[in-house]
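Peer 1: Provide a 3D model corresponding to the input given below.
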Amino acid sequence: MGETKVVKFGGSSLADARQFQKVADIVLSDDSRRFVVASAPGKRYVDDIKVTDMLYECYEKAAEGESFEAEFQAIKDRYNTIIEELGIEDFTLDDEFEMIQGAFSHMAGRDYAASRGEYLNSKILAKYLGFDFIDAAKYIFFDDAGLFDWEKTEKKLAPKLAKTQKAVIPGFYGSVPNGTIKTFSRGGSDITGSIVARACSAKIYENWTDVSGFLICDPRIVNNPAPIKTITYAELRELAYMGATVLHEDAIFPVRAAGIPVNIKNTNCPQDRGTMIVSETAEPCEHIITGIAGKKGMSVINIEKDKMNSEVGFGRNVLRALEKSNVSFEHMPSGVDTMSVVIQTENLTGKETTILDEIRSRVHPDQLYIESDLALIAVVGRGMKSARGTAAILFTALADARVNIKMIDQGSSELNIIIGVTDEDFEVAMRAIYNAFIKVKK
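Peer 2: So this is what the prediction gives:
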């Protein structure tokens, strides 16, 4: 059947009839775009409400036994307006609306309620494109514990796709063994697209959104940052973990396992190259670094003790103290007589005294204290391995910006350098790093 592309469109790409027309132009311009994964309608303008949020609100009223007719009518109006403006004749969602309204009255569950946004939008898009409709609930599965079940999914989905010429599949949801609808927790439609791409051994997975790929830095901090042309899965994971948001890291695992590249594209500017996400690349890095990302709201437990390095089990005992309070850590840089444990402040709040007392009783430190209001910044790039002086450029830039570095941590892969600064220095530090590595290269 030739090469296959799986294309996923986000909520902003399918917010109204005008956006549907753009999506249709993109899909129908390339015959290899055989499988389309659709999100629920997103915001049409700044103060608009996403249909998923409308569904949640509607269901909450139903669950409380209150009348939800007005809220449900607003949802129907959104979809009926799209159908009318697209000029789709002899097509109606009336039967689906009636079924959903009845299910709400009988407490079908929040996941069911939320999933109907994708379900209804995909029905419209399939009709508009002239494609088949494949209900994700019948082909994407979770186990009894609520975990995605790839083996069962592949067993049913792969042969279905193999005998289907072209189809639209709703994103965001699947079903558990008893048939109940279950949604993915985050980045749901992105994950569905990735699963479909793997199941049909796609040549590429195109993820269409409202931005032209990843940017090197957060545009809310750095004005008009340069785009990232090519990024590896490993680099993406590092940046996503530190707060970069275009594609949730969970969404890459199905295609990463199969070595399928992902292209982040802009529905509103389809001519833009976007960002390619690949397993490995021989393409030379345009800059030493690939991206910069960071997050505020961190705390550090600082531990000092003479001859800590020769005390067997010291680190294990510190981590057991955290485990006892059900607290996970982010990083743990250490020296000969010092150890720092970086934790999200919100996870530590209310447990400080208990954890410190537990650490004291286990390892008897000379000094033990907590520093709060810390921000972490990750400088990520495959080009850092072969470039000399990367750390020197970084630290000089921060020194010139009068930013005090509170912590330094570098993994053995040499893929990233993580630094800690105060929350108040966060934006200044991000801009200084960007200017040092990117702006002067233009």
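
Peer 1: Please work out the average pLDDT along the helix or strand where E98 lies.
Peer 2: Secondary structure from DSSP states H and E places E98 in helix 94-105. What helix 94-105 shows for mean pLDDT is 96.

Peer 1: List the buried residues of the following helix or strand past it.
Peer 2: Using DSSP H and E, the helix or strand that follows helix 94-105 in sequence is helix 110-129. Neighbour-count burial for helix 110-129 flags 111-129 (criterion: 16 or more other C-beta atoms under 10 Å). Just so you know, the C-beta spots here come from the backbone N, C-alpha and C atoms, and that holds for glycine as well.

Peer 1: Also stretch 181-188?
Peer 2: I181, K182, T183, F184, G187, G188.

Peer 1: burial count for D30?
Peer 2: 12 (other C-beta atoms under 10 Å).

Peer 1: Let me see the confidence value for it.
Peer 2: 97.

Peer 1: Please name the nearest non-neighbouring residue to it.
Peer 2: Closest residue to D30 apart from its sequence neighbours, by C-beta to C-beta, 6 or more residues apart in numbering: K5 at 6.8 Å.

Peer 1: What is the burial count for the one you found?
Peer 2: 20.

Peer 1: separation between it and C200?
Peer 2: 10 Å (C-beta to C-beta, to the nearest Å).

Peer 1: which residues do those two both contact?
Peer 2: R34, F35 (C-beta atoms under 8 Å, 6 or more residues apart in numbering).

Peer 1: for the stretch 301-442 of the chain, what spans make up the helices?
Peer 2: For the stretch 301-442 of the chain, helices defined by DSSP state H, counting those that start in this stretch occupy the ranges 314-324, 345-348, 352-363, 390-400, 426-437.

Peer 1: In terms of pLDDT, where does the residue lying closest to Y139 once chain neighbours are set aside sit?
Peer 2: Spatial nearest neighbour of Y139, chain neighbours left out: L157 (4.3 Å); criterion: C-beta to C-beta, 6+ apart. Note for L157: predicted pLDDT of 98.

Peer 1: With A282 instead?
Peer 2: Reading off the model, A282 has pLDDT 61.

Peer 1: still on that earlier bit, deepest-packed of the helices of the stretch 301-442 of the chain, please.
Peer 2: Counting by mean count of other C-beta atoms under 10 Å, helix 426-437 has the highest mean neighbour count of the helices of the stretch 301-442 of the chain, with a mean of 21.

Peer 1: then that one to CSV, C-alphas only?
Peer 2: C-alpha atoms of helix 426-437 as CSV (Å, rounded to 0.1, in the frame of the first residue of the first chain):
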residue,chain,number,x,y,z
PHE,A,426,15.6,32.5,36.8
GLU,A,427,14.6,34.6,33.9
VAL,A,428,17.8,36.6,33.8
ALA,A,429,19.8,33.4,33.8
MET,A,430,17.7,31.9,30.9
ARG,A,431,18.2,35.0,28.8
ALA,A,432,21.9,35.1,29.5
ILE,A,433,22.4,31.5,28.5
TYR,A,434,20.4,31.9,25.3
ASN,A,435,22.3,35.0,24.3
ALA,A,436,25.7,33.4,25.0
PHE,A,437,25.0,30.3,22.9
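
Peer 1: just the angle between it and helix 390-400, please?
Peer 2: 130 degrees (axes from the mean of the first three to the mean of the last three C-alpha atoms, to 10 degrees).

Peer 1: Point out the other helices and strands that helix 426-437 packs with.
Peer 2: strand 291-304, strand 367-380, helix 390-400 (3 or more C-beta pairs under 8 Å, 6 or more residues apart in numbering; DSSP states H and E).

Peer 1: Relative to F314, how far out is Y173?
Peer 2: 46 Å.

Peer 1: Any stretches of this structure with poor pLDDT?
Peer 2: 1-2, 186-187, 245-246, 248-249, 282-285, 411-413, 439-442 (pLDDT under 70).

Peer 1: now do 50
Peer 2: 440-442 (pLDDT under 50).

Peer 1: okay, the helices of the stretch 301-442 of the chain in TSV with distance to R33 next?
Peer 2: Rendered in TSV, the data for these read as follows (distance: least, C-beta to C-beta, whole Å):
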stretch	distance to R33
helix 314-324	48
helix 345-348	42
helix 352-363	52
helix 390-400	40
helix 426-437	35
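
Peer 1: Of those helices, which is nearest N223?
Peer 2: helix 426-437 (8.9 Å; C-beta to C-beta).

Peer 1: Now find how far off-centre that closest one is within its chain.
Peer 2: Computed by C-alpha atoms, centre = their mean, to the nearest Å, the separation of helix 426-437 from the middle of its chain amounts to 24 Å.

Peer 1: relative to strand 367-380, how tilted is it?
Peer 2: Relative orientation of helix 426-437 versus strand 367-380 (the same axes, to 10 degrees): 40 degrees.

Peer 1: Count the neighbours of the closest residue in space to E352 that isn't next to it in sequence for me.
Peer 2: Leaving aside its sequence neighbours, E352 sits nearest to I370 (C-beta to C-beta, 6+ apart; 6.0 Å). Residues within reach of I370, counting by other C-beta under 10 Å, total 15.

Peer 1: Can you list phi and psi of A145 for me?
Peer 2: phi -90, psi 0 (degrees, to the nearest 10).

Peer 1: Quick check: it vs K182, distance?
Peer 2: Distance from A145 to K182, by C-beta to C-beta: 11 Å.

Peer 1: coming back round to it: the residue nearest to E352 reaches M298, doesn't it?
Peer 2: No: contact between I370 and M298 fails when scored by C-beta atoms under 8 Å: they sit 11.0 Å apart.

Peer 1: ok, which stretches of the stretch 51-200 of the chain are strands?
Peer 2: 132-133, 167-170, 173-175, 181-183 (DSSP state E, counting those that start in this stretch).

Peer 1: Tabulate those in CSV, adding columns for distance to I292.
Peer 2: Output for the strands of the stretch 51-200 of the chain, formatted as CSV (distance: least, C-beta to C-beta, whole Å):
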stretch, distance to I292
strand 132-133, 42
strand 167-170, 35
strand 173-175, 34
strand 181-183, 32
